[in-house]
Structure formats: structure tokens, C-alpha cells
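Visitor: need a structure here:
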Amino acid sequence: MILNFDEYGGLALLRAINLEGQTALVTGGTRGLGLAIALGLAEAGARVTVCGRTEPESLPSTLSYFSADVRDPDAARDMVRSIAEANGRFDILVNNAGGSPQCPAAEASPRFIDAIMKLNLLAPLYLAQAAYTYMAQQKSGSIVNIASVSGIRPSPGTAAYGAAKAGLLNLTQSLAQEWGKDNIRVNAIIVGLAKTETAEVTYGDAAAQQAVAESLPLGRMCEGSDVAQTVAFLCSPMAAYISGARLNVDGGGERPYFLDLIQGS
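Guide: Numbering: from 1, shown residues only. Got it, this is the predicted structure:
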């Protein structure tokens with residue numbers, strides 16, 4: 001995962017965004033996209049807590065860690081309460097934890113499907129409910145759900161994951177409608193093909209990854225700084241009238257496969 005915010009002018013943008021005094025929680029923020037998001041919010045001045053089931057061996061000094069299984073509604077509620085009480089407020093929730101291994105739909109067990117749905121759809125709802133208590137009292141708050149292109153197009157091999165991410169997009173808009181009266185904004189980022197530390201497992205070796213990158217309109221895969229900057233923007237006053245949005249961060253989207261089958265395309 002590339003965390004160099006200078007490369008695309010990101011550090012300058014994050015310094016222009018002022019989140020001083022705000023308290024943030026990034027689920028799954030100990031690695032990959034989540035870590036990039038957490039570091040971006042911290043760079044913008046927020047007090048950031050990341051969570052996971054296993055504490056990492058090391059973590060940047062700008063971040064705090066909380067051990068929790070976000071699939072457990074009680075654990076989610078207790079974590080949000082602890083962070084809110086320790087900081088006197090709760091301003092930003094980034095529902096980033098998620099993912100799924102490959103599994104053909106016909107072979108997916110009920111236990112497997114349940115686990116995928118809990119992590120990718122139910123956990124964000126549990127955490128949003130917990131955050132609402134404090135955000136509604138403050139009459140302010142920003143919730144950002146990290147979705148995926150798998151939720152807006154077929155997701156063969158990860159059908160349960162795709163269905164959960166599609167549900168997350170609907171949840172985003174529903175909560176934006178319900179909670180807007182409390183000045184709570186809820187948005188989703190639809191992340192495209194991303195370059196993370198597990199890129200080789202997902203896309204193949206370096207040559208395969210390069211081929212994937214070249215197939216995208218901007219000629220590269222999504223990186224941590226791309227998502228981090230977008231999250232910081234959505235949580236900032238610059239996005240004060242943006243709620244219920246589905247913001248694609250996908251470099252222009254994937255090329256339709258049928259075009260490659262047409263002679264002369």
C-alpha cells in the first residue's frame with residue numbers, strides 16, 4: 001500500500017482540510033486502505049482510533065488502537081461509547097472493515113455467508129447506530145461507508161460480498177434520509193480496483209497487476225492516498241451539503257469486457 005500523500009498533491013489537500021478537535025474511528029484501520037484513511041484523517045488534525053480483532057505489532061504514534069470485533073453489536077456499541085467518553089465527543093465514523101475470500105456461490109456454506117454479511121453490512125449498521133447516539137446529541141457528524149465496485153456490478157466468486165456491498169450502498173442513502181435532520185451526513189465511497197498489500201493474491205504477479213492498471217482509464221490502480229483524501233474531504237466542511245452520495249473512486253471504471261471481443265475495438 002502506497003501511503004505517500006505527496007505523490008498526487010494529497011498532503012497539501014489534507015493540510016488544507018481542518019479536522020482539529022474532531023474524534024474519528026476507522027474500522028479495519030491497522031493496515032491497507034484503512035490505515036491510509038486513518039493516517040489521512042490524523043494528518044488533517046483529527047484524533048483517530050483504529051480497531052481490529054488483533055493488535056498490530058506497531059502502529060503510527062498519531063493513531064490509537066481499540067480491540068473489538070465489529071460484527072458483535074455489543075462490542076461495537078461499547079467501543080464507540082469508550083471513544084466518545086474518552087474524547088468528549090464522536091464526530092467521524094469510517095466503516096472500512098470488510099472483505100471476502102473467493103468462494104463459488106454454489107459452495108458457500110450458511111456459516112460463510114453469514115460471516116460475510118455480518119462483516120460487510122451488519123457491522124457498519126451496528127456502528128452507525130452506536131455513533132448516532134453521540135452525533136445526534138452534538139447535532140453533527142459524518143459517517144463514511146467504504147463500498148466497492150463489487151456492489152454495483154456482478155461479483156462472480158464473491159457473490160455474498162457483492163450483495164453485502166450493494167446493501168451498504170442502500171443503507172448509506174437510507175441513513176442519510178433518516179438522520180439528516182440531526183445534521184449527520186452519511187456517504188459511501190465506491191472503491192475501484194485497489195493496490196494493497198494483498199494485491200498479488202487478488203490480481204496476480206507484478207506483470208498481471210501492471211496489465212490491470214493499464215486497462216483502467218487513468219492507467220493505474222487505486223491507492224491508499226486516493227481513498228484517504230476522499231474520506232477527509234467528505235468529513236470536512238467543504239462537503240457540508242453532501243449526504244447520501246455514492247462517490248466512485250475508481251479511476252474512470254473498468255473497461256466493459258465485450259469491447260475486447262469486438263474486432264477493431
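Visitor: Give me the distance between stretch 84-104 and the centre of its chain.
Guide: Here the centre of mass of C-alpha atoms in stretch 84-104, compared against the chain's by CA atoms, centre = their mean, to the nearest Å, lies 8 Å away.
Visitor: What residues sit buried inside that stretch?
Guide: When burial is assessed from 16 or more other CB atoms under 10 Å, stretch 84-104 yields the following buried residues: 84, 87, 89-98, 100, 103. C-beta: built from backbone N, CA, C; applies to glycine.
Visitor: can you check stretch 128-138 too?
Guide: Using 16+ other CB under 10 Å as the burial criterion, the residues of stretch 128-138 that qualify are 128, 130-132, 134-135.
Visitor: For Gly162, pull up the helix or strand it's in.
Guide: helix 159-179 (DSSP states H and E).
Visitor: Let me see the residues that make contact with that helix.
Guide: If you take CB atoms under 8 Å, 6 or more residues apart in numbering as the criterion, helix 159-179 is touched by 95, 98-100, 103, 105, 108, 112-113, 116-117, 119-121, 124-125, 128, 132, 135-136, 143, 145, 147-148, 150-152, 154-155, 184-188, 190, 243-244, 246.
Visitor: could you pull out the strands for the stretch 151-265 of the chain?
Guide: In the stretch 151-265 of the chain, the strands defined using DSSP state E, counting those that start in this stretch lie at 184-191, 246-249.
Visitor: next one: the stretch 1-150 of the chain
Guide: Using DSSP E, counting those that start in this stretch, strands in the stretch 1-150 of the chain cover 23-27, 47-52, 63-67, 92-95, 141-148.
Visitor: and those strands as JSON lines, adding mean pLDDT and distance to Asp226?
Guide: Output for the strands of the stretch 1-150 of the chain, formatted as JSON lines (pLDDT from 0 to 100; distance: least, CB to CB, whole Å):
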{"stretch": "strand 23-27", "mean pLDDT": "98", "distance to Asp226": "16"}
{"stretch": "strand 47-52", "mean pLDDT": "96", "distance to Asp226": "18"}
{"stretch": "strand 63-67", "mean pLDDT": "97", "distance to Asp226": "20"}
{"stretch": "strand 92-95", "mean pLDDT": "98", "distance to Asp226": "15"}
{"stretch": "strand 141-148", "mean pLDDT": "98", "distance to Asp226": "12"}
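Visitor: Reformat those strands as a markdown table; add distance to Leu261.
Guide: Putting those into a markdown table (distance: least, CB to CB, whole Å) gives the following:
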| stretch | distance to Leu261 |
| --- | --- |
| strand 23-27 | 40 |
| strand 47-52 | 43 |
| strand 63-67 | 47 |
| strand 92-95 | 37 |
| strand 141-148 | 25 |
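Visitor: Nearest to Gly34, out of these?
Guide: strand 23-27 (5.5 Å; CB to CB).
Visitor: quick one on the thing from earlier: of all the buried residues of stretch 84-104, which two lie farthest apart?
Guide: Longest span within those, CB to CB: Arg89 and Cys103, 40.6 Å.
Visitor: For Ala42, give me its contacts.
Guide: Contact analysis of Ala42 by CB under 8 Å, 6+ apart lists 48, 60, 62-63.
Visitor: which of those are buried?
Guide: Applying 16+ other CB under 10 Å to the contacts of Ala42 flags 48, 63 as buried.
Visitor: Provide a list of residue ranges in the stretch 51-200 of the chain with pLDDT below threshold.
Guide: Where the stretch 51-200 of the chain drops to pLDDT under 70, the residues are 196-200.
Visitor: give me that answer again for 90
Guide: 53-58, 192-200 (pLDDT under 90).
Visitor: Do a quick rundown of the helices in the stretch 1-150 of the chain.
Guide: Shown for the stretch 1-150 of the chain, the helices assigned by DSSP state H, counting those that start in this stretch span residues 10-16, 32-43, 73-87, 110-117, 123-138.
Visitor: JSON lines for those helices, including distance to Gly52?
Guide: As requested, the helices of the stretch 1-150 of the chain are arranged in JSON lines below (distance: least, CB to CB, whole Å):
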{"stretch": "helix 10-16", "distance to Gly52": "23"}
{"stretch": "helix 32-43", "distance to Gly52": "9"}
{"stretch": "helix 73-87", "distance to Gly52": "11"}
{"stretch": "helix 110-117", "distance to Gly52": "16"}
{"stretch": "helix 123-138", "distance to Gly52": "12"}
